[in-house]
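Enquirer: give me coordinates for this.
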Amino acid sequence: MVAYMRSLPAWQARVAAAHTIPRELRAVKAYRFDPERFRDLAVPTLLLNGSESSPGFRMAEEAVDETVPDSRIVVMPGQGHVAIDTGTDLFAAEVLRFTGNSWP
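Expert: Numbering: from 1, shown residues only. The predicted model follows:
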């Protein structure tokens, strides 16, 4: 997996941003989802999940889907949490479909 990640165009940017990881992990650990903050969200929301994502990600996504009025879950087959890197074409196709654009 590391060799694959190193082959991606975003690798250098990820390495350059590595110093932000401890701060981001602290923020994730401290965050508490408050459904009331999102119940009136009036923006169509696409929730992408990989079929191979851990149950924790699926549970979080379902909680958001139950809260946000105009949300939709799309499961990307064969993908895990980093489908933007491992299934880039599939990820982009789903985003473009959601936004009403076509995929070349």
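Enquirer: work out for me the element the residue sitting nearest the centre point of the chain sits within.
Expert: Centroid check for the chain by C-alpha atoms, centre = their mean gives Leu48 as the closest residue, at 5.7 Å. Element membership for Leu48, per DSSP states H and E: strand 45-50.
Enquirer: mind listing what's buried along that strand?
Expert: For strand 45-50, a neighbour-count test (16 or more other C-beta atoms under 10 Å) marks Thr45, Leu48, Asn49, Gly50 as buried. All C-beta spots, glycine's among them, are computed from the backbone N, C-alpha and C.
Enquirer: check stretch 30-44 too.
Expert: In stretch 30-44, counting by 16+ other C-beta under 10 Å, buried: nothing.
Enquirer: now tell me what touches it from outside.
Expert: Ala60, Ala63, Val64, Glu66, Thr67, Val68, Pro69, Asp70, Ser71, Arg72, Phe98 (C-beta atoms under 8 Å, 6 or more residues apart in numbering).
Enquirer: which helices and strands does the helix or strand that comes right after the strand holding Leu48 pack with?
Expert: In the C-terminal direction, the helix or strand that comes right after strand 45-50 (DSSP H and E) is helix 55-67. Judged by 3 or more C-beta pairs under 8 Å, 6 or more residues apart in numbering; DSSP states H and E, the packing partners of helix 55-67 are strand 45-50, strand 71-76.
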